[in-house]
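Visitor: here is the input, now give the coordinates:
(chains A and B)
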Amino acid sequence: MPDVPETTNLFELLSARGLVSQCTDPDGIRARLAKPLAAYVGFDPTADSLHIGSLVPIMGLYWLQQCGHRPLVLVGGATGLVGDPSGKTESRTMLTREDVNHNANAIAAQIARLVRFDDSPTGAKLINNVDWLGTLNWIEMLRAVGPHFSINRMLSMDSVKGRLEAGGMTFLEFNYMVMQAYDFAHLHRAEGCTVQFGGQDQWGNIVMGIELARRTDGADLAGVTFPLVTKADGGKFGKSEKGNIWLSTERTPVHEFFQFWRNIADADVRRFFGFFTTLPMTEVDALTAAGGEALNPAKERLAWEVTRLIHGQGAADAAREAARKAFGAGHDATADAVPHGPLATADLAAGLSFAALLVKAGLATSNSDAKRLIKGGGAQLNDAVIADEQRSVTAADVVAGHIVVRAGKKRLFRFDVA
RNA sequence: GGGUAGGUACCGAAGUGGCCAAACGGGGCAGACUGUAAAUCUGCUGGCUCACGCCUUCGAAGGUUCGAAUCCGUCCCUGCCCA
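Guide: Take a look at the predicted model:
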């Protein structure tokens, strides 16, 4: 049941979905993509899960494969040991080799939810740049690539300039772009890879790779960058009150993941459909044609689609059902997908403060925080606003075996009393 | 290596002996208005305590003082300039 692309030319398709930011040569790339080819996208193994900031490149890989090309998924085992300075204002902490390996495997597993890895002509291939960068000899490396890099040119790259203005970068980080450039040249030789895709902040690194391969091998490579995902209100994309929205359910439960998409601004709906779903754009246009309140079903659909892609249809259905009940007319928080946990009757008997319960539910970080929430009128117990900071919770508050606490309109937690 | 300016809470940035848990801005959370939207307005934004209050926090560990984010010496780190 693969979704059928509305056009088989990847470049056209990506453009229509708003997924192209910059490219080295629009006509050339369109022509290139008329035939099956191998292209690569790199991911940094800085954590054992990707977050939704990486979703755009992942969708890029997805479409690459759907359009009959061969995606090379590069996990930066070597570059992860250095840390990409692009788009950062301060250097990252260095990872150990064990961390990098562990993270690389976890990330590959997440990508495999959307991209098929096998040996067929369009099967994705997982590669790790530590395999070729890790064994390079310093002198050989310098002689091979050193003459082809101009320091003046490198200093003029945005990724470097930004860091210099923000207080400087280390030699270690400065080498990151050399490594990435080397990767591209290497993948051209080893895998016949001719196009590199990446985030907008990768533009400089991609261009350096193209130039290196041209100078060393006379190769004609191309690059395309995806747009930086922005929010209509100017805030950072992909953050919630708890931090990043991750793809792993341990870090971001499905409910929270679903709600993130459900709560986006009106102005972002259409664009996000293009970026993060596989729905044909004609259908997206129909879904988002309505404005105002009528856009709510489209938001729900968006949340369902993205959740389905990442966590599977079962989880998406459950999350949608739970949200409808919990935020709909009935305020029914009994669905399984609503965040919940056990509460012992003994605890209730011993007397438990409402504030402590909020902390236990993860809706407040401390008793003081919980009391502030109560004082501000944002805390609810079984759908009743509680204004008394000293309120204690007893067996009398158990309704049909549950106690539901809410912080504001959007955050809730259900205790199953046993 | 020399000179110089700095290191303050999530971020930026005031404070330069007591009135400092620390101004202000951003961010975040909550309330009102709404459509689980945006914009706007309002409140809150270290921990513990029913509370008087207590505890921890201003790069690090010390010292001076009745009292230190603020003064002193040492160390670590960063920017800039010079070599």
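Visitor: can you show me the strands along the stretch 1-150 of chain A?
Guide: Assigned strands in the stretch 1-150 of chain A, in chain order: A:22-23, A:38-43, A:70-75, A:125-128 (criterion: DSSP state E, counting those that start in this stretch).
Visitor: for the residue lying closest to A:Gly408 once chain neighbours are set aside, give its distance to RNA strand B.
Guide: Using CB to CB, 6 or more residues apart in numbering and skipping the chain neighbours, the partner closest in space to A:Gly408 is A:Gly378 (4.9 Å). In short, each C-beta sits where N, CA and C put it, glycine included. Going from A:Gly378 to RNA strand B by CB to the nearest atom of the strand, to the nearest Å gives 3 Å.
Visitor: how many neighbouring residues does A:Asp99 have?
Guide: 16 (other CB atoms under 10 Å).
Visitor: mind listing what the residue nearest the centre of chain A touches?
Guide: Central residue of chain A (CA atoms, centre = their mean): A:Ile52, 1.6 Å from the mean position. Contacts for A:Ile52 (CB atoms under 8 Å, 6 or more residues apart in numbering) come out as A:237-238, A:244-247, A:260, A:276.
Visitor: where does confidence bottom out across these?
Guide: When those are sorted by pLDDT, the bottom entry is A:Gly238 at 71.
Visitor: what secondary structure does A:Ile403 sit in?
Guide: strand (DSSP: H, G, I helix; E, B strand; the rest coil).
Visitor: which SS state does the closest residue to it other than its chain neighbours fall under?
Guide: In this structure, A:Ile403 finds its nearest non-sequential neighbour in A:Phe415, 4.4 Å apart by CB to CB, 6+ apart. When classified by three-state DSSP, A:Phe415 comes out as strand.
Visitor: hey, what's A:Phe415 bridged with?
Guide: Beta-bridge pairing for A:Phe415 (DSSP bridges): A:Gly341, A:Ile403.
Visitor: is it true that it touches A:Thr345?
Guide: No - using CB atoms under 8 Å, A:Phe415 makes no contact with A:Thr345, being 11.0 Å away.
Visitor: if you count what's nearby, which of the two comes out ahead?
Guide: A:Phe415 (23 against 11).
Visitor: how close does the residue nearest to A:Ile403 sit to RNA strand B?
Guide: 18 Å.
Visitor: go on, A:Gln259?
Guide: In terms of CB to the nearest atom of the strand, A:Gln259 sits 5 Å off from RNA strand B.
Visitor: which residues are in contact with that residue?
Guide: A:Gln259 sits in contact with A:303, A:323, A:410, where contact means CB under 8 Å, 6+ apart.
Visitor: narrow those to those that are buried.
Guide: A:303, A:323 (16 or more other CB atoms under 10 Å).
Visitor: now the contacts of A:Gln259 in CSV, with pLDDT, secondary structure and distance to A:Gly312?
Guide: Below are the contacts of A:Gln259 laid out as CSV (pLDDT from 0 to 100; DSSP: H, G, I helix; E, B strand; the rest coil; distance: CB to CB, whole Å):
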residue, pLDDT, secondary structure, distance to A:Gly312
A:Ala303, 97, helix, 14
A:Ala323, 95, helix, 17
A:Lys410, 90, coil, 24
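Visitor: also near RNA strand B: which of the contacts of A:Gln259, exactly?
Guide: A:323, A:410 (CB under 7 Å from any atom of the strand).
Visitor: circling back to that earlier point, out of the strands of the stretch 1-150 of chain A, nearest to RNA strand B?
Guide: strand A:38-43 (25.1 Å; CB to the nearest atom of the strand).
Visitor: helices and strands around that closest one, which ones?
Guide: helix A:55-66, strand A:70-75, helix A:176-191, strand A:193-199 (3 or more CB pairs under 8 Å, 6 or more residues apart in numbering; DSSP states H and E).
Visitor: do I have it right that A:Pro57 meets A:Phe197?
Guide: Yes - look at A:Pro57 against A:Phe197 with CB under 8 Å: they come within range, at 6.7 Å.
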